[in-house]
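Novice: following is a predicted model, sequence given first.
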Amino acid sequence: MGEPIIELKNISKQFKISKRDAGVKNAIKSFFHRQYKTINALENISFNINEGEIVGYIGPNGAGKSTTIKIMCGILVPTSGKCNINGFIPWKNRRKYVKNIGVVFGQRSALWWDVPPVDSFELLKDIYEIPQKQFEKKLKELTDYLHLEDIINIPTRQLSLGQRMRCEIAAALLHNPKILFLDEPTIGLDAVSKLALRKCIKNINEKTKVTIILTTHDMQDIEALTERIILIGKGKILYDGTLQNIKNKYNDKMKINIKFKYTDKKIQLENANIIEQTEESASIILKHKDESMADVLNELTNQVNVIDLNIEEMSTDDIIAKLYKELEI
């Protein structure tokens, strides 16, 4: 990967909101004597993202993800801290800055509903002041990468959600930004469309080297697209590293399901617990996650004639839920 293109240092954001107790009298009272309380949405957020990286920015609802993204997009101004993205301070000189970023929100559209996507692309060309030749070249490139040739001339309202999302990504990349923010890009998509869109996003990153920040609650998106995740909770960065490290730490249950030839003998294992056994099958869990799988399988094959087996690990969703619980977020 290249040099850092996104640098956040000690970013904090506070919101002042009015408060009052329930009831008509309190409503009238607050009208004349309004009270406020301060909410710390972000507290000293710091991280760097290198050029060309795909980073998953995850956390539960209310953790501070949207606030961070809005600051990085230049929509919000932080209360304190420094932010440098591709040589710009996002909330200053926004007109120049936004030419370097693309944004896709899964529940909002940049496309005109009643016209084909290609017409929306033409409008965006004028908004971003993209030269005609550059626009034609980039549109051809994105049409190939995202497989749009059969859909860009169909009215947007007639496209499936998956087709629209591919067009949304194209719209966000027409002006050749160096950074792409993706917020819940696969929300509402069926399994086939999700797989196709993930493949397109990966393809775009590999071909254009655009830096991608992905916010999502779908951990399959994270697994398919990113190696590095940044976890935020209660306005603070709680983890910045690889998803694999979290799996290694929190995946403490490995279940082995086996089928074997008929036996009435009780299986005895030193390094695993038998949670269920019939005369032709059994399910076991390793006593310790670092136990040698080979040793356990060797014990099994010495006692029964194994026909088939499969190994179940904790799902990524279960692992992340366990992490959230431990961190109390």
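Specialist: Structure's in. What do you need? Residues are numbered from 1 along each chain as shown.
Novice: so how far is the strand or helix carrying Arg95 off the chain centroid?
Specialist: Using DSSP states H and E, Arg95 maps to helix 94-97. Between the centre of helix 94-97 and the centre of its chain there are 26 Å (C-alpha atoms, centre = their mean, to the nearest Å).
Novice: next secondary structure element downstream of that helix?
Specialist: strand 101-105.
Novice: other residues contacting the very next helix or strand once past that following strand?
Specialist: Remark: after strand 101-105, the chain's next helix or strand is helix 117-127, criterion DSSP H and E. For helix 117-127, contacts defined as C-beta atoms under 8 Å, 6 or more residues apart in numbering pick out 110-112, 130, 132, 135, 139, 148, 151-154, 156, 159, 167, 170-171, 174-175. Glycine gets a C-beta too; all of them are placed from N, C-alpha and C.
Novice: of these, just the buried ones, ChimeraX syntax please.
Specialist: Buried residues among these (16 or more other C-beta atoms under 10 Å), as a ChimeraX selection:
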select :110,111,130,135,139,148,151,152,156,159,167,170,171,174,175
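Novice: which of the contacts of helix 117-127 fall within strands?
Specialist: Among the contacts of helix 117-127, no member is found in strands (DSSP state E).
Novice: got the confidence number for Glu328?
Specialist: For Glu328, the pLDDT comes out at 77.
Novice: what does Ser292 give?
Specialist: Note for Ser292: predicted pLDDT of 68.
Novice: can you pull the contacts of Ile201?
Specialist: Residues counted as contacts of Ile201 (C-beta under 8 Å, 6+ apart) are 54, 169, 182, 185, 212, 225.
Novice: from the residues you listed, which single one is nearest Lys202?
Specialist: Checking those against Lys202 by C-beta to C-beta gives Leu225 as the nearest, at 6.1 Å.
Novice: separation between that closest one and Glu326?
Specialist: Between Leu225 and Glu326 the distance is 25 Å, computed by C-beta to C-beta, to the nearest Å.
Novice: of the two, which one has the most company?
Specialist: The neighbour count for Leu225 versus Glu326, taken as other C-beta atoms under 10 Å, is higher for Leu225 (22 against 10).
Novice: that one contacts Lys202, doesn't it?
Specialist: Yes. With contact defined as C-beta atoms under 8 Å, Leu225 reaches Lys202; the gap is 6.1 Å.
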